[in-house]
Each structure stands twice: as structure tokens, then as C-alpha cells.
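*Asks:* What follows is a predicted protein model with its sequence.
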Amino acid sequence: SREALATMRTIRDIHSAFGPEALPRYVISFTRSAADVTAVLELDRQAATGAEASALDLVPLLESRDALAEARTLLASLFADPAYRAHLERRGMRQEVMLGYSDSNKEVGYLAAAWSLYRAQEELVAVAQDAGVELTLFHGRGGTIGRGGGPANRAVLAQAAGSVNGRLALTEQGEMIAERYPSPTIAQRHLEQLTSAVLLASRPGHATAAAEEADRWRPMMTELAGRAEAAYRRLVWEDPAFADFFRRATPIDELSRMELGSRPARRGGSTTPTLESLRAIPWVFAWSQSRTNLPAWFGVGSALAGYAGGQSDGSRQLADAYEGWEFFRSLIDNVELGLAIADPSLAARYAALAGDDPAMRGIAEAIERERRTTVEELTALTSRERLLDRSPRLRRSIDLRTPY
């Protein structure tokens, strides 16, 4: 308690010395209920030496699949709280909500997590509009596909209807700063692309068109997400041998001992090597190092194949959605990129480190089988002979890099 109050007092001191712009927001990790936010508001009030009001914008961070599913309820409860409503009025009726991309992906896989994030955006926009609150969504994207990465301007255009509306906040992860800001010219180009996407996503009529497209393809996406999540969880969370395979077939133990990140590899000081305690960043990084890139694609092939085979015109529907819906096209293109930068031959070498007993071999075969299925389904869906045929320059870059 003393440490928490000392933190809030330090924030007050910073505001007093340098102004609120020096520390404008307080992000609340793993927000699960309105009480998680109002508690911070009360701590801030306790830290005040006089009657001055809080200058902090309190930003709930929704990271898990359950938190994203309950986004509407959480925000509505928050807006209904009298103390928080008064805080909002002092802050100009502005609210920021941060969306976490990594943990939801680790829970349910790339496709299901992407759809959960999209639906959460829709719910948050609706609640804010009903309450007369100006909403800004803060996207906690990482650099890799499994953490929400990919072309930034495409990602902005693929957001849910009304979720941009002239305002956008996003993280630029350390590994992406070297790529996007190595020189003023490249930095300016990147910011131009982001600005262009925000303007296009905010133009009159865009939200209505985006909402109509989402409603048209909602049943398809709901089924795809269910199929992808089932395939992903069957391997990652339901196979009792998977955690052991992950430890043997990736450098996760070595990464956990390296102090190269901003946080420990596991939450809560845990030293027990469980998937539950492992943070999403080393989870994705370990699969990247083994050149498997599993968080970027696993489950997508099963979902596409199941939908195409289970509907009389399933393949046609998927092709139409890819052609006409920016969200779905961006999602599929990101999966394609995640697969293209993987290296099956090197991934197989890593998988062999897990051993040759039936359980380990079965998991390695399941991963390779899903990879082949996903490649086949993507090339059929996009009518291309091989991955990244649409981007010859990127394809050439990967082909040149892979041997080294």
C-alpha cells in the first residue's frame, strides 16, 4: 500500500513540476472490471495533498479473451460510476482504452484473437457513443505478426467501424523502431502512411461501409474463429505433452535467463516453467527463433479448410471476403507473411531436439501438417502459386536472407 501511494504521489510531483503532459496516462494492465479503474482513481485522490483534481487519463488495458468479450459491460459500468463520471467530465469526456494483442493470441491463436479484438472495438465504440464520450483506442501492437504486427497502414484501415474517427494511439515496439525510424526520410514515409490511413478511415461514409461489410461476413468469421481456436487449443492447451515439447524445441529456457527485455519472462516472479505464467513476448520470440512462427498462423489452415468443406459455397465465400473486406484481407495477408518468413527446414531441426518418443513426434507432425494445410488453403484462397507472389520484392528479400 505504501509503495502504491508513493507511486501516485510521485506522479503528482511530476505534474506539479512539469505539467500533466509529462505523464498523461496511467495504463491498468489486465483490467477485468470497472473496480480496477476506480481503485486507481481513489489511490490518486488519496495521494493528493489538497483538493486538486486528478490530471491523469486512466486507461484500462484489455488483454485476455474474456476481458475483450466483456468490453461493453466493463466500459458501461465505468461510465455509470458517479465518481468516475465526474472525473470524465473534468477530462473533457474523453476516454482511452488500450487493447492488448499478445496475450489473447497466446490464449486462442491468431485468427480467433484478431476477431475478438475486432468485436471488442465494435462494442467499445457503441458504448462510448451512447454515453457521449470521445473514445480513443490505444493499440498495443508488437512487431511480429503473432503480437499484432504487420503493415501499419493496412492495419489502421482494417479496424472496426468508427474505431478510428480521427484519433489513433499505438505502440512502436523497440524491434520496430530500427525498421521504421532509421532515417528522417523513412520515418516521414512511415508517418505519412499512418496519417493517410487515419484520414481514409475517418472519411464520411467509411464507418457505415465498414459496418455493413462486417455484418455481411460476421457468421463466416464467427465460424472461422471457432474452428481456429479449437485447433489451436487442442494442440497448445489440451495436449499434456505440449509444454515439454515447447521447452525442448525452442530456446525458451535460454531466453528466460537473458535480461534483454523490459520485464521478466514470467509473471508474478514465477520460476515454474508453465505456459500459464509465461509472458506473451518470450512465447512469440521463442517460436520466432526456431523459425516456426507458430503464433502467426497455427489453426488458420484448419479453419479455412473446415469452412470451405463444410459450406456448399464455402470457398467462394472466403474468396469474396478476401476480395471485398479489408479486415479479412489484412488478416489473411498477415498470416501469409508469417508463414513466408518461417523456415520449415530449420523449424524441423529445432523440433527434432524434442526427441523421438511418440508424444514429441506427434506434436512435431501436427505442427508440420497444419503448416502444409495453411499454405495450401492460403494459395487456393488468394489464387497464387506460392506465398507472397503479390509482393515480389519482399519474396526476393526473404529468399536472399533464408540461406544465411
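*Replies:* Good, I have the coordinates.
*Asks:* Who are the packing partners of the strand or helix carrying residue 40?
*Replies:* In this structure, residue 40 sits in helix 34-47 according to DSSP states H and E. With contacts defined as 3 or more CB pairs under 8 Å, 6 or more residues apart in numbering; DSSP states H and E, helix 34-47 has these neighbours: helix 2-18, strand 25-28, strand 57-62, helix 71-80, helix 82-90. In short, each C-beta sits where N, CA and C put it, glycine included.
*Asks:* 6 Å - rerun?
*Replies:* On a contact count with 3 or more CB pairs under 6 Å, 6 or more residues apart in numbering; DSSP states H and E, helix 34-47 meets helix 2-18, strand 25-28, strand 57-62, helix 71-80.
*Asks:* Give the pairing partners of the third one; include direction for each.
*Replies:* Strand 57-62 has the following sheet partners, assigned by DSSP bridges: strand 25-28 (parallel), strand 94-100 (parallel).
*Asks:* Present these as JSON lines; the columns should include distance to residue 380, mean neighbour count and mean pLDDT.
*Replies:* Shown next, in JSON lines, are the strands paired with strand 57-62 (distance: least, CB to CB, whole Å; neighbours: other CB atoms under 10 Å; pLDDT from 0 to 100):
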{"stretch": "strand 25-28", "distance to residue 380": "42", "mean neighbour count": "16", "mean pLDDT": "94"}
{"stretch": "strand 94-100", "distance to residue 380": "31", "mean neighbour count": "22", "mean pLDDT": "94"}
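*Asks:* Same list, the ones you listed, but as CSV with distance to residue 137 please.
*Replies:* Formatted as CSV, these follow (distance: least, CB to CB, whole Å):
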stretch, distance to residue 137
strand 25-28, 13
strand 94-100, 6
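*Asks:* quick one, which of these is nearest to residue 61?
*Replies:* Of all the strands paired with strand 57-62, strand 94-100 sits nearest to residue 61, with 4.2 Å by CB to CB.
*Asks:* could you list every residue that touches residue 75?
*Replies:* 124, 127 (CB atoms under 6 Å, 6 or more residues apart in numbering).
*Asks:* what about the residue lying closest to residue 371 once chain neighbours are set aside, distance to residue 402?
*Replies:* Residue nearest to residue 371 in three dimensions, not counting chain neighbours: residue 344, with 6.6 Å by CB to CB, 6 or more residues apart in numbering. Here the criterion is CB to CB, to the nearest Å. By it, residue 344 lies 10 Å from residue 402.
*Asks:* likewise residue 197?
*Replies:* 30 Å.
*Asks:* Who has more neighbours out of those two?
*Replies:* residue 197 (21 against 14; other CB atoms under 10 Å).
*Asks:* from memory the more buried one sits against residue 158, does it?
*Replies:* No. Here residue 197 does not reach residue 158: they are 9.3 Å apart, not a contact under CB atoms under 6 Å.
*Asks:* Can you tell me the element residue 136 falls in?
*Replies:* With DSSP H and E as criterion, residue 136 is part of strand 134-140.
*Asks:* Tell me what angle that strand forms with strand 57-62.
*Replies:* Angle of strand 134-140 versus strand 57-62, following axes from the mean of the first three to the mean of the last three CA atoms, to 10 degrees, is 50 degrees.
*Asks:* what sits against the residue most central in space within the chain?
*Replies:* For the chain, residue 101 is the residue whose C-alpha lies nearest the centre (CA atoms, centre = their mean; 1.8 Å). By CB under 6 Å, 6+ apart, residue 101 lies in contact with 140-141, 147-148.
*Asks:* How many neighbouring residues does the nearest residue to it once chain neighbours are set aside have?
*Replies:* Among residues not flanking residue 101 along the chain, residue 148 sits closest, at 3.0 Å (CB to CB, 6+ apart). Each residue near residue 148 was counted by other CB under 10 Å, and the total is 26.
*Asks:* Check residue 293 too.
*Replies:* Neighbour tally, residue 293, other CB under 10 Å: 24.
*Asks:* can you check residue 291 too?
*Replies:* If we define neighbours as other CB under 10 Å, then residue 291 has 17 of them.
*Asks:* three-state assignment of it?
*Replies:* Per DSSP: H, G, I helix; E, B strand; the rest coil, the secondary structure class of residue 291 is coil.
*Asks:* Is the residue nearest to residue 217 when sequence neighbours are not counted in a helix, a strand, or coil?
*Replies:* Of all residues not flanking residue 217 in the chain, residue 321 sits nearest, at 5.0 Å (CB to CB, 6+ apart). Under three-state DSSP, residue 321 falls in the helix class.
*Asks:* Could you check how far residue 127 is from residue 80?
*Replies:* In terms of CB to CB, residue 127 sits 10 Å off from residue 80.
*Asks:* and these two? which has more neighbours close in?
*Replies:* More neighbours surround residue 127 than the other of residue 127 and residue 80, with 22 against 11 (other CB under 10 Å).
*Asks:* quick one: which helix or strand includes the closest residue to residue 253 other than its chain neighbours?
*Replies:* Setting aside the residues directly before and after it, residue 253 is nearest to residue 247 in space (CB to CB, 6+ apart), at 6.3 Å. Residue 247 is part of helix 242-249, with elements assigned from DSSP H and E.
*Asks:* what residues does that helix touch?
*Replies:* Counting by CB under 6 Å, 6+ apart, 236, 275, 350-351, 353-354, 360, 363 sit against helix 242-249.
*Asks:* Can I get it as PDB, trimmed to CA atoms?
*Replies:* C-alpha atoms of helix 242-249 as PDB (Å, rounded to 0.1, in the frame of the first residue of the first chain):
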ATOM      1  CA  PHE A 242       3.000 -29.700 -25.500                       C
ATOM      2  CA  ALA A 243       4.600 -27.700 -22.700                       C
ATOM      3  CA  ASP A 244       7.500 -30.100 -22.700                       C
ATOM      4  CA  PHE A 245       7.800 -30.000 -26.400                       C
ATOM      5  CA  PHE A 246       7.900 -26.200 -26.400                       C
ATOM      6  CA  ARG A 247      10.700 -26.200 -23.800                       C
ATOM      7  CA  ARG A 248      12.800 -28.700 -25.700                       C
ATOM      8  CA  ALA A 249      12.200 -27.500 -29.300                       C
END
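*Asks:* other SSEs contacting the helix or strand that that helix is followed by?
*Replies:* Using DSSP H and E, the helix or strand that follows helix 242-249 towards the C-terminus is helix 252-257. On a contact count with 3+ CB pairs under 6 Å, 6+ apart, helix 252-257 meets helix 280-289.
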